[in-house]
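A structural model of the following input is requested.
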Amino acid sequence: MDDIQKNILAERALAAARRCVASRYVGAAFAYAAGSIMRGEGTTFSDIDLVVVFPSLERAWRESFTEDGFPVEVFVHDPQTLAHYLHQDADSGYPIMANMVATGCIMGSDIDSARVIQAKAASMLAAGPKPLAGADYDLLRYQVTDLADDLRGTRPPEEIAAIAALLYQKLADLMLLGRGVWAGRGKWAPRLMREFDAQLAAEFDAAFSLAAAGDGTRFLALADRELALHGGRYFEGFRQDAPLEARRLE
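Sure, this is the predicted structure:
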């Protein structure tokens, strides 16, 4: 698909988003239409991400449907529920909502309020994730250690591939968040790594490709090198308490 076709697709998607807001979300104050298709980077299979904000709601929700051939994922909020999820995503290291709001095309009647929230989301993204620390950091180090140790033994190629698939996200998180860079799930993990350091991303991709084919040597070496930046393997002394309510009375 060339640039002209992508631009036409983006215009169609934006028009579909406007129709969605007008017909399905009467009374909404404003909305953000986001996603790769809006940036002129989408394909015919890309969806529209739509954040719709009402003045007040009993509770937020999300839903999915098709509009003019486009799959649409909608996140419906009021300012308070939107603020909750913006901060929750940021605390997790995966700023999904912040990205949609910061990069989205604004539509609706209360443009000024939409711009204020958009500016806050952009500032949140620019500040970067909080430093790795505490129980979440310990758990991530433990998970990478545990999966890396599974790669150390002699295993059938299919088991190595399965372990590598589980290790991929955890190791990518440690590499990105450990360097003060936002992390991403699924397709966003390699994208964000490439944006941060193309050479590091190429090394990661090559090592994972070999592991997916049954040779985990380079992927294990990469995990060990990364763990060394965080004090080495973390197994001895790890502890995770269950919630107090985790019991069932028979």
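
List the buried residues of stretch 100-109.
Neighbour-count burial for stretch 100-109, with 16 or more other Cβ atoms under 10 Å as criterion, is recorded at 100-108. The C-beta positions use only the backbone N, C-alpha and C, and glycine is treated the same way.

My error: substitute stretch 157-175 in the last question.
Of the residues in stretch 157-175, those scored as buried under the neighbour-count criterion (16+ other Cβ under 10 Å) are 160-161, 163-164, 167-168, 170-175.

returning to that earlier point: between the buried residues of stretch 100-109, which is nearest residue 36?
residue 103 (9.9 Å; Cβ to Cβ).

what's the burial count for the spatially closest residue to the closest one that is not a sequence neighbour?
Once its chain neighbours are removed from consideration, residue 103 has its nearest residue in residue 34; the separation is 5.5 Å (Cβ to Cβ, 6 or more residues apart in numbering). For residue 34, the number of neighbouring residues by other Cβ atoms under 10 Å comes to 23.

So which of the buried residues of stretch 100-109 sit within strands?
Assignment to strands by DSSP state E places the following of the buried residues of stretch 100-109 there: 105-108.

what's the closest of those residues to residue 4?
Looking across those and measuring by Cβ to Cβ, the closest to residue 4 is residue 105, at 19.4 Å.

How about residues contacting stretch 32-45?
1, 3, 6-7, 9-10, 13-14, 17-18, 46-51, 70, 99-101, 103-107, 114, 118 (Cβ atoms under 8 Å, 6 or more residues apart in numbering).

Buried ones from those, can you make that a ChimeraX selection?
Applying 16+ other Cβ under 10 Å to the contacts of stretch 32-45 leaves a buried subset, and the ChimeraX line that selects it is:
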select :6,9,10,13,14,17,46,47,48,49,50,51,70,99,100,101,103,104,105,106,107,114,118
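
per-domain residue ranges of this protein.
Residue ranges for the domains of the chain, per automatic domain parsing: 3-127, 134-228.

wait, which of those domains is closest to residue 237?
Among these, the nearest to residue 237 by Cβ to Cβ is domain 134-228 (9.3 Å).

any idea how far residue 116 is from the nearest residue to residue 110 once chain neighbours are set aside?
Computed as Cβ to Cβ, 6+ apart, the closest residue to residue 110 that is not its neighbour in sequence is residue 29, at 4.1 Å. Separation of residue 29 from residue 116 (Cβ to Cβ, to the nearest Å) stands at 12 Å.

Neighbour count for those two, which is higher?
When neighbours are counted by other Cβ under 10 Å, residue 29 and residue 116 differ, and residue 29 comes out ahead with 18 against 12.

Pull the lowest-mean-pLDDT helix or strand in the chain out as CSV, backbone CA atoms only.
One helix or strand of the chain scores below all others by mean pLDDT, DSSP states H and E: helix 3-24, with a mean of 87. Extracted as CSV, the C-alpha positions of helix 3-24 are listed here (Å, rounded to 0.1, in the frame of the first residue of the first chain):
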residue,chain,number,x,y,z
ASP,A,3,1.3,6.7,0.8
ILE,A,4,-1.7,7.9,-1.2
GLN,A,5,-3.7,4.8,-0.4
LYS,A,6,-2.7,5.0,3.3
ASN,A,7,-3.9,8.6,3.4
ILE,A,8,-7.2,7.8,1.8
LEU,A,9,-7.6,4.9,4.3
ALA,A,10,-6.9,7.3,7.2
GLU,A,11,-9.4,9.8,5.9
ARG,A,12,-12.1,7.0,5.6
ALA,A,13,-11.2,5.8,9.1
LEU,A,14,-11.5,9.3,10.6
ALA,A,15,-14.9,9.8,8.9
ALA,A,16,-16.1,6.4,10.3
ALA,A,17,-14.9,7.4,13.7
ARG,A,18,-16.9,10.7,13.5
ARG,A,19,-20.0,8.7,12.5
CYS,A,20,-19.5,6.4,15.5
VAL,A,21,-19.3,9.2,18.0
ALA,A,22,-22.3,11.0,16.5
SER,A,23,-24.6,8.0,16.2
ARG,A,24,-23.6,5.7,19.1
